[in-house]
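> No sequence on hand, only this structure:
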């Protein structure tokens, strides 16, 4: 069944790796610092307890969970943390006459999305300008249909960079690749990026190295860089020597 209370995110960042989810749950205080993976969470509302999983985030203060109905729902991480307490339903049963405290707590998300914006001031009429020559519009590049399974790829390292992590005080190290292509099925990708993990650091990679590897590739833009695709968990990486 679908739940009418669900607040669907207009857009959000989905966790691609278990380690990324686990780290973010620690930042939000949903699991202990010693935990090695995320646990099962419960969404409680009107004397109902639903199992849910955290799948991503809209921003640092808005988590996105997936309910047992496969619906996505926005929630403040601190409020989700309160719901894990055994006494949560009893404590919130008297918060309002009909017992729907969750509705009141989450209404802020809906109100913010639906709040009317002030009408812009009317501009004074301007003198008609001479017509400009219309320039031909650039056609947008067709969106690639990326394979969902692991594929063998080839790419050349063009840069080692860092990008800000909104949830920690340190920057994340990344690798940016050019001439990225899938070998089977044959598909040109262009540019992509991946995390510069400790495993990759052991390979002593350098700018200009051409590599082959197996991985999943997804549409995920790199912050502050015009790189639209991410290489997830590259494995069996080998340097190509001409």
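Arrived safely, thanks for sending. It should be emphasised that the depicted structure is a prediction, and the values quoted were computed from it without experimental measurement.

> How is the chain divided into domains?
Domain segmentation of the chain under automatic domain parsing yields 13-113, 151-239.

> Tell me how far the shortest one lies from the chain's centre.
To tie it back to what came earlier, the one meant is domain 151-239. In terms of Cα atoms, centre = their mean, to the nearest Å, the centre of domain 151-239 is set 17 Å apart from its chain centre.

> residue boundaries of the strands in the chain?
Along the chain, the stretches classed as strands by DSSP state E are 13-14, 41-45, 48-59, 62-67, 72-75, 151-164, 171-184, 187-195, 210-219, 229-239.

> Contacts for the shortest one next, please.
Counting contacts by Cβ atoms under 8 Å, 6 or more residues apart in numbering, the residues outside strand 13-14 that touch it are 55-58, 64, 220. Just so you know, the C-beta spots here come from the backbone N, C-alpha and C atoms, and that holds for glycine as well.

> can you check stretch 197-210 too?
In contact with stretch 197-210 (Cβ under 8 Å, 6+ apart) are residues 154-160, 175, 179, 194, 211, 234, 237, 239-240.

> quick one: stretch 59-74 to chain centroid distance?
Stretch 59-74 sits 12 Å away from the centroid of its parent chain (Cα atoms, centre = their mean).

> quick revisit: now the contacts of strand 13-14 as a markdown table including distance to residue 207 and neighbour count?
Shown next, in a markdown table, are those (distance: Cβ to Cβ, whole Å; neighbours: other Cβ atoms under 10 Å):
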| residue | distance to residue 207 | neighbour count |
| --- | --- | --- |
| 55 | 35 | 16 |
| 56 | 32 | 20 |
| 57 | 32 | 22 |
| 58 | 35 | 15 |
| 64 | 36 | 20 |
| 220 | 22 | 16 |
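
> related to what we said a few turns ago, rebuild the domains of the chain as a markdown table, extending it with mean pLDDT.
As requested, these are exported to a markdown table (pLDDT from 0 to 100):
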| stretch | mean pLDDT |
| --- | --- |
| domain 13-113 | 81 |
| domain 151-239 | 90 |
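
> Relative to residue 2, which of those domains is closest?
Proximity to residue 2 (Cβ to Cβ) singles out domain 13-113 among these, at 5.6 Å.

> ok so, going back, distance to residue 144 for the domains of the chain - can I get that in JSON lines?
Output for these, formatted as JSON lines (distance: least, Cβ to Cβ, whole Å):
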{"stretch": "domain 13-113", "distance to residue 144": "17"}
{"stretch": "domain 151-239", "distance to residue 144": "7"}
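
> nearest to residue 5, of those domains?
With Cβ to Cβ, the closest approach to residue 5 among these belongs to domain 13-113: 6.5 Å.
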